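Chemist: Please work out how this folds:
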Amino acid sequence: MGFALVFLIAALSTVAGPLFAAAPTSDPQLVAFKAWLDQTHPKYGCDEGPGRFQNPTVEKAYPGRRFYYVLTYTRGIQPPFPNSLTMVAEVDAQGHVRPVRDVDALKVGLMKASSRNEACLAAAAVMSLSSCGERRWSYPPESFEAKRKNGGWVCSYEHGSKIYLSQVTFDRKGVLAAITGSAPPVP
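Modeler: Residues are numbered from 1 along each chain as shown. Take a look at the predicted model:
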């Protein structure tokens with residue numbers, strides 16, 4: 001019986017193509033991101049992605065923006081890929097890919113931090129994007145402590161202890177000014 005099943009699957013796959021072929025994507029921005037990755041990072045490896053970066057906090061803080069990602073898990077040892085890659089990029093409707101790697105890139109399209117709640121929401125979105133969606137830390141806006149400083153906001157997030165503190169700073173106009181991160185090491 002087992003041999004007959006294997007034979008049937010082999011026969012069908014030669015006639016109809018692979019049985020488990022990836023479904024074609026209907027997301028043209030994802031197609032553009034994959035093509036960009038293949039061109040700029042040939043033979044990259046990752047544990048997740050490429051895929052759409054879907055996060056309700058990010059979607060509120062960056063209205064109308066679409067982000068995509070690849071993620072290599074943090075292991076505390078060398079990744080199993082020779083060209084491992086972790087990154088987030090924005091892809092616009094025309095398929096232009098813009099990597100999100102620094103404060104200037106994170107500013108683009110980010111809501112203004114005009115109130116304590118807006119500052120916490122924007123800080124949570126910035127931390128989510130800058131961590132590339134790594135699952136070790138969740139960044140709900142209500143977990144941030146926002147304090148006024150020089151007319152702007154400093155939003156702090158504790159990674160389980162006061163010694164591991166990350167901060168997102170907004171200037172007096174509510175624009176992202178700085179990010180500092182201090183997450184605990186990977187065990």
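
Chemist: Could you give the average pLDDT over whatever helix or strand K147 lives in?
Modeler: Following DSSP states H and E, one finds K147 within strand 145-149. Average pLDDT, strand 145-149: 96.

Chemist: Partner strands of that strand and their direction?
Modeler: strand 152-158 (antiparallel) (DSSP bridges).

Chemist: Mind listing what's buried along the strand it pairs with?
Modeler: 152-157 (16 or more other C-beta atoms under 10 Å). Yep, even glycine has a C-beta here, placed from its N, CA and C like the rest.

Chemist: circling back to that earlier point, show me what counts as buried in the strand holding K147.
Modeler: Buried residues in strand 145-149 (16+ other C-beta under 10 Å): A146.

Chemist: quick one: that strand to chain centroid distance?
Modeler: Mean-position distance between strand 145-149 and its chain equals 25 Å (C-alpha atoms, centre = their mean, to the nearest Å).

Chemist: And the contacts of it?
Modeler: 116, 119-120, 123, 153-157, 169 (C-beta atoms under 8 Å, 6 or more residues apart in numbering).

Chemist: Output it in CSV with nothing but the alpha carbons.
Modeler: This file holds the C-alpha atoms of strand 145-149, laid out as CSV (Å, rounded to 0.1, in the frame of the first residue of the first chain):
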residue,chain,number,x,y,z
GLU,A,145,6.2,55.1,30.8
ALA,A,146,6.1,58.6,29.2
LYS,A,147,7.7,61.6,30.9
ARG,A,148,8.1,65.2,29.6
LYS,A,149,11.6,66.4,28.9
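
Chemist: State the phi and psi torsions of N117.
Modeler: Here is the backbone geometry of N117 (degrees, to the nearest 10): phi -60, psi -40.

Chemist: Contacts only, for it.
Modeler: P141.

Chemist: With respect to C46, which of the buried residues of strand 152-158 is nearest?
Modeler: Nearest to C46, judged by C-beta to C-beta, of those is Y157 at 25.5 Å.

Chemist: beta partners for the closest one?
Modeler: Beta-bridge partners, per DSSP bridges, of Y157: S166.

Chemist: C-terminal to the lowest-mean-pLDDT helix or strand in the chain, what's the next element?
Modeler: In the chain, no helix or strand scores lower on mean pLDDT, DSSP states H and E than helix 2-16, which sits at a mean of 33. Reading on from helix 2-16 to the C-terminus, the next helix or strand found by DSSP H and E is helix 28-40.

Chemist: Kindly export that following helix (C-alpha atoms) in PDB.
Modeler: What follows is helix 28-40, C-alpha atoms only, in PDB (Å, rounded to 0.1, in the frame of the first residue of the first chain):
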ATOM      1  CA  PRO A  28       2.400  43.000  -5.400                       C
ATOM      2  CA  GLN A  29       4.300  44.800  -2.600                       C
ATOM      3  CA  LEU A  30       5.500  41.500  -1.200                       C
ATOM      4  CA  VAL A  31       6.500  40.400  -4.700                       C
ATOM      5  CA  ALA A  32       8.600  43.700  -5.000                       C
ATOM      6  CA  PHE A  33      10.100  43.100  -1.600                       C
ATOM      7  CA  LYS A  34      11.200  39.500  -2.500                       C
ATOM      8  CA  ALA A  35      12.700  40.700  -5.700                       C
ATOM      9  CA  TRP A  36      14.600  43.500  -3.900                       C
ATOM     10  CA  LEU A  37      15.900  41.000  -1.300                       C
ATOM     11  CA  ASP A  38      17.100  38.600  -4.000                       C
ATOM     12  CA  GLN A  39      18.900  41.500  -5.800                       C
ATOM     13  CA  THR A  40      20.400  43.200  -2.800                       C
END
